[in-house]
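Participant: Got a predicted structure plus its sequence, pasted below:
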Amino acid sequence: MYAIEKDAHAWYNLEKYRGKVWLKAMEEQKDLRFCFNHMMREMIGPQGIAEREIEAMADEIGRAARSMDVRRGEMAWRDLPYSQGEAVKEIQSVADRARERFDAFVLLGIGGSALGPLAVHTALEPARYNEIEASRRGGPRVYIEDNIDPERMKALLDAIDIRRTLFYAVSKSGATSETMAQTMIVIQLLREVFPEGIGERVVIATGAEKGNLNAIAKREGCKTFVIPEGVGGRFSELSPVGLLPAAVAGIDVRALLNGAARMDARCSEPDVWKNPAYLGAVLQVLYMKKGRNISVMMPYVDALKYFADWYAQLWAESLGKRCDRDGRTVFCGQTPVKALGVTDQHSQLQLYTEGPDDKVVTFIGAEEYRANVYIPNAYPDITGISFLGGHTLKDLIHAEQFSTEYALCKAGRPSQTVWLPEVSADSIGQLIAYYEVQTAFAGELLNIDAFDQPGVEEGKDATYAMLGKPGYEEKKAELDARRPRQPRYIL
Ligand code: PA5
């Protein structure tokens, strides 16, 4: 028996990762499974949710479900799985050109403009994608630059040859300082090398309104994708924001959209017991109201580590609100925490089982992994380890996931599990659509606007004021008038 199955070992089957080879599970278009058992009182004891608590929310749930329908027009992100047909053709043609002509593809963006692309890329490409030999990779190396640490920018510029790099500047507002600064740095460098033809090396995604990125696109002749109205940054992964980087890496974007469309249909069902996003939101909101202020996402799949980052932004920025829609102060929200199974069993699990009882844990599991590794029975005579021999790493990781669920259950602490048949473009599309609807529905239950981010805007405005952006003089005066730091508190 090979320690690692031969076909999985020889090379990664990249087509399989990218959703282009339809595995058996995919042929059946297997749906995600959601297990809410360990959220319920009958499973974990008095701290759990009783079914009658859900029944008692029937009116609220009905109101929120109707609101989802009434506001559907404002939630253009829900149409993305169905509306991107034409855009996909254009995206594919830009991606094909990028795959032929460029060695590197660099996304410049932050927050919702970067976390989705990062989550999808890391889920659907092998861990060491950029290190794979170019001929096998089939497309450029991909860098998603969602920070402005100067050391990071320097490291990027050291790693790429800008003459052979396609840049993708993404900003819905076309104003965010981080993305604008990155874009100006890159364009100036390109100007030095290519006095003409910058437009062929910079693609832009931005809102339809005027905006700075539209002005740059016009001046430099850049290809521009529109982020539609009603698609906020953190809900934009299935728009050109996320589809172009995915297509450039060779991911099947149609499979991603198909999975999302199926999940969107599943999550349009008004009956909470048939709609996993609604039931998930109801349980989470019930727990929030009982003081569970922390939502832990713990994938037992390395490839989903950055999916937890995407979720963290979606959940935090959408639900973390001072006021509800009626102007009442509610200080609502739940703090997302990212963990990785099994790694964090040996780091955070102790806290989850015995520390403050303020968390709801979500596991994400994969029924199948894209590689199969056997544990050899290398020491049959050492009984302390020989039991492992003959199992696979999948057996071990599944056993550990169940054991963590069990440990939490035994401590009376809630958890839920989302099962992917396997990580694929289809299942990731489903997962994205699921969490987007769950977040929006939680917003309706909480009667808050899940689509604005006044706290983020405050920080952006303060930055503009500090760096002298015209129109922010009043904000600057406000900042200057703040209480000065006391030297005695600085050591
Ligand atoms: O979800 C959001 O709206 C934010 O996180 C934005 O994506 C982030 O602030 C970046 O904004 P923009 O895309 O306008 O540059």
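Facilitator: On my side now, so go ahead.

Participant: Could you name the helices and strands sitting against the host helix or strand of I185?
Facilitator: I185 belongs to helix 177-193 when assigned by DSSP states H and E. On a contact count with 3 or more Cβ pairs under 8 Å, 6 or more residues apart in numbering; DSSP states H and E, helix 177-193 meets strand 104-108, helix 150-159, strand 165-171, strand 202-207, helix 211-220, helix 454-466. (Glycine included, C-beta is placed from N, CA and C.)

Participant: Now do the contacts for the residue of the stretch 251-400 of the chain found nearest the ligand.
Facilitator: Residue nearest to the ligand within the stretch 251-400 of the chain: E317 (5.5 Å; Cβ to the nearest ligand atom). By Cβ atoms under 8 Å, 6 or more residues apart in numbering, the contact list for E317 reads 111-112, 234, 453, 456.

Participant: Keep only these that also lie close to the ligand.
Facilitator: When contact is defined as Cβ under 6 Å from any ligand atom, the contacts of E317 meet the ligand at 111-112, 234, 453, 456.

Participant: Now do the same contact list for the residue nearest to G233 when sequence neighbours are not counted.
Facilitator: Leaving aside its chain neighbours, G233 sits nearest to G112 (2.4 Å; criterion: Cβ to Cβ, 6 or more residues apart in numbering). Listed by Cβ under 8 Å, 6+ apart, the contact set of G112 reads 172, 232-236, 241, 313, 317.

Participant: Make sure G112 is indeed in a helix.
Facilitator: Yes: according to DSSP: H, G, I helix; E, B strand; the rest coil, G112 belongs to a helix.

Participant: picking that back up, just say which of the helices and strands packed on helix 177-193 is most tucked in.
Facilitator: Among the helices and strands packed on helix 177-193, strand 165-171 has the highest mean neighbour count (mean count of other Cβ atoms under 10 Å), at a mean of 27.

Participant: so what strands line up beside that strand?
Facilitator: Here strand 165-171 is paired, per DSSP bridges, with strand 104-108 (parallel), strand 202-207 (parallel).

Participant: now the longest one, how far from the chain's geometric center?
Facilitator: Relative to its parent chain, strand 202-207 has a centroid offset of 20 Å by Cα atoms, centre = their mean, to the nearest Å.

Participant: Output that strand as PDB - backbone C-alpha positions only.
Facilitator: The C-alpha trace of strand 202-207 is given here as PDB (Å, rounded to 0.1, in the frame of the first residue of the first chain):
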ATOM      1  CA  VAL A 202      -4.100  47.100 -15.100                       C
ATOM      2  CA  VAL A 203      -7.600  45.900 -14.900                       C
ATOM      3  CA  ILE A 204     -10.100  47.700 -12.600                       C
ATOM      4  CA  ALA A 205     -13.200  46.600 -10.800                       C
ATOM      5  CA  THR A 206     -15.300  49.400  -9.200                       C
ATOM      6  CA  GLY A 207     -18.700  50.900  -8.800                       C
END
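
Participant: Hmm, E436 is touching A76, no?
Facilitator: No: applying Cβ atoms under 8 Å, one finds E436 not in contact with A76, separated by 11.7 Å.

Participant: For these two, indicate the residue with more neighbours.
Facilitator: When E436 and A76 are compared for neighbours, E436 comes out ahead with 26 against 18, by other Cβ atoms under 10 Å.

Participant: Report the secondary structure element holding that one.
Facilitator: Going by DSSP H and E, E436 is in helix 425-446.

Participant: hmm, that helix in reach of the ligand?
Facilitator: No: Helix 425-446 stays out of contact with the ligand when judged by Cβ under 6 Å from any ligand atom, the minimum separation being 11.2 Å.
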